[in-house]
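Engineer: Predicted model and sequence follow; I will ask about them next.
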Amino acid sequence: MLLAVDIGNTNTVMGLFKDNQLQQDWRVRTEVNITVDEFGIVIRNLFATCLFPMEEVRHVIISCVVPPMLNTVESFCKKYFDVTPLVVGPGIRTGMPILYDNPREVGADRIVNAIAAYHAFRHSTIVVDFGTATTFDYISERGEYMGGVITPGIMISCEALFHKASKLPRVEIFGRPTTVLAKNTIASMNAGIVFGYAGLVEGIITRIKREVKTDPKIVATGGLATLIASECPAIEHVDDYLTLKGLKLIFDRNQKSGTTRQEP
């Protein structure tokens, strides 16, 4: 079995693949200071909830945007699985040209998402990933990663509002607002966050399409993708498993090419 691990700034998402099918997925908080054995306890507890024994994992692939976590998870893989993981980064085969000023600057998760989206549509595509930051990535008709946009994520925006506006309370996003003209502070903030962010997403997608002069597919992923997509007509598809699918594709390509892990 293959364990795919995407380590983000807020959450770590994991998927278990067997016979080319995603059998199980988990989302846990990213804890930068977690030890190898603490991470091992988390993983053992997750496997205890599924039908597959932890001992069946033979391969691991990792994408990571939190450098302090990478060594911990690599060490965990060697200690608990006796596996050297494949790490997405320079030196591995992706099958996608990265047309960026410095390709090493592009977050691993953005490349993984781009590969999965192009594989799914075989068409020019914009990927919107609602993570700690919200990213917009454009893939050309020829399958080239062309660049994109990074904006503060929804939850970062909420926290900034709470910290900088003394009289406003901390709020949780609780679904689609019933009206734009809210009658209380909490509802007003929820309307501003959801409808305002939907407008931001719609506006950036419109500007990208105008600049590239194509009609790309639009796919969203990430924790709040479904909510924002419901208020953003430009988003055509939502795929909660886009990153895990991309990791599986990269793993398969590197197995065929003989690459086993990231080169220094």
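Structural biologist: Received the coordinates, thanks.

Engineer: From here on, just use CA atoms for contacts and neighbour counts.
Structural biologist: Noted.

Engineer: quick one: the helices in the stretch 1-150 of the chain?
Structural biologist: Counting by DSSP state H, counting those that start in this stretch, the segments of the stretch 1-150 of the chain that form helices are 36-47, 67-76, 108-121.

Engineer: Can I get those in TSV including mean pLDDT?
Structural biologist: Below are the helices of the stretch 1-150 of the chain laid out as TSV (pLDDT from 0 to 100):
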stretch	mean pLDDT
helix 36-47	96
helix 67-76	96
helix 108-121	97
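
Engineer: out of those, deepest packed?
Structural biologist: Of all these, helix 108-121 carries the top mean neighbour count, a mean of 22, counting by mean count of other CA atoms under 10 Å.

Engineer: how far does it sit from the chain's center?
Structural biologist: Relative to the mean C-alpha coordinate of its chain, helix 108-121 is positioned 10 Å out (CA atoms, centre = their mean, to the nearest Å).

Engineer: One more: stretch 143-163?
Structural biologist: On CA atoms, centre = their mean, the centre of stretch 143-163 falls 12 Å from that of its chain.

Engineer: again, but for stretch 69-84
Structural biologist: 21 Å.

Engineer: and what of stretch 130-148?
Structural biologist: So, by CA atoms, centre = their mean, the centroid of stretch 130-148 is 12 Å from its chain's centroid.

Engineer: Pull out the buried residues from that stretch.
Structural biologist: Under the neighbour-count criterion of 16 or more other CA atoms under 10 Å, stretch 130-148 has 130-141, 143-145, 147-148 buried.

Engineer: Likewise for stretch 151-162?
Structural biologist: Thr151, Gly153, Ile154, Met155, Cys158, Leu161.
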